[in-house]
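1. no FASTA, just this:
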């Protein structure tokens, strides 16, 4: 099988210090945590930024710039910037697309709308098409985030119509409160929907992070871990940081015979320039 691309979701948009002291909030903390995760074996860094006053996610491009500049100076990681904003809060299309001006390697493309405990995570067709256009203009590859099969079907239609570029890379998000369950049947079904030129990775939310990473390793996919999706190392024990979660999946991949992708390997496997 191909080398395993380990992605780390560094901080997300909603977890606060009251939940775990390990969550990075300031640009310096986010960048430092990303650097530590890259040193531990993550080749793709998925980046949100936070408003230090509220601790919640923001699409402030200057905060993204601080993080991106530091990561580019100290790593060769593939940088994937979020376009999601915060589920349940309203951001304009312009605000959500603003990080693409920094020309990251990749950006998230949440391929449909879904309920969340915080409200509706809204991704209307007009927004998705604007995101696809701007990503193409900036030379940014889209990571196609799918929470259920309808989102995969949406991406397949956009690929057929030329809205999205090939080859596609899918990120399956399993175990959310209102999405597909994190189990073998779900992951098998989603992966079997994909065209032959697609690559894919899996996210397990909360306690499902390790089982989904293990399945992805065994099935030939790729894996995402990190504090954005799971703040615990094991039941009742908070993770000390993103690097600890990356180190565990790297060890597991070694035991299961999957070599770990370097950043150069990840760029090759993801067809990045």
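-> Yep, that arrived. All of these numbers come straight from a predicted model, not from anything done at the bench.

2. and the residue nearest to the spatial centre of the chain, how far is that from residue 226?
-> Central residue of the chain (CA atoms, centre = their mean): residue 46, 4.9 Å from the mean position. Note on residue 46: its distance to residue 226, by CB to CB, to the nearest Å, is 7 Å. Where C-beta positions appear, they are placed from N, C-alpha and C, glycine not excepted.

3. mutual contacts of the two, please.
-> Among the neighbours of residue 46, those also in contact with residue 226 (CB atoms under 8 Å, 6 or more residues apart in numbering) are 7-10.

4. so where do the strands sit in the stretch 101-250 of the chain?
-> Taking DSSP state E, counting those that start in this stretch as the criterion, the stretch 101-250 of the chain contains strands spanning 106-110, 114-116, 119-121, 141-146, 169-174, 199-204, 222-225, 232-234, 237-238.

5. buried set for the first one?
-> Taking 16 or more other CB atoms under 10 Å as the neighbour-count basis, strand 106-110 is seen to contain the buried residues 106-110.

6. each with direction, which strands does that strand pair with?
-> Counting by DSSP bridges, the strands paired with strand 106-110 are strand 78-81 (parallel), strand 141-146 (parallel).

7. which residues sit against it?
-> Residues outside strand 106-110 that contact it (CB under 8 Å, 6+ apart): 44, 46, 78-84, 99-100, 121, 123, 128, 131-132, 135, 140-145, 147, 151, 155, 164, 169, 171, 270, 272.

8. residue 221 contacts residue 194, correct?
-> No: in this structure, residue 221 sits apart from residue 194 without contact. The criterion is CB atoms under 8 Å, and the distance is 9.9 Å.

9. out of the two, which sits in the more crowded spot?
-> The residue with more neighbours, out of residue 221 and residue 194, is residue 221; 25 against 19, by other CB atoms under 10 Å.

10. distance of the more buried one relative to residue 234?
-> In this structure, residue 221 and residue 234 are separated by 23 Å, where distance is defined by CB to CB.

11. quick check: the residue nearest to the centre of the chain is in a strand.
-> Yes: read with DSSP: H, G, I helix; E, B strand; the rest coil, residue 46 is one of the residues of a strand.

12. who does it form a beta bridge with?
-> Here residue 46 sits in beta bridges with residue 9, residue 80, as judged by DSSP bridges.

13. so how far is residue 187 from it?
-> The gap separating residue 46 from residue 187 is 19 Å, by CB to CB.

14. helices and strands around the helix or strand hosting residue 63, which ones?
-> Under DSSP states H and E, the secondary-structure element containing residue 63 is helix 61-74. In this structure, helix 61-74 packs against helix 27-40, strand 44-47, strand 49-50, strand 78-81, with contacts taken as 3 or more CB pairs under 8 Å, 6 or more residues apart in numbering; DSSP states H and E.

15. buried ones in the longest one?
-> Within helix 27-40, the residues scored as buried using 16+ other CB under 10 Å are 27, 29-38, 40.

16. since that was my last question, I'll sign off now.
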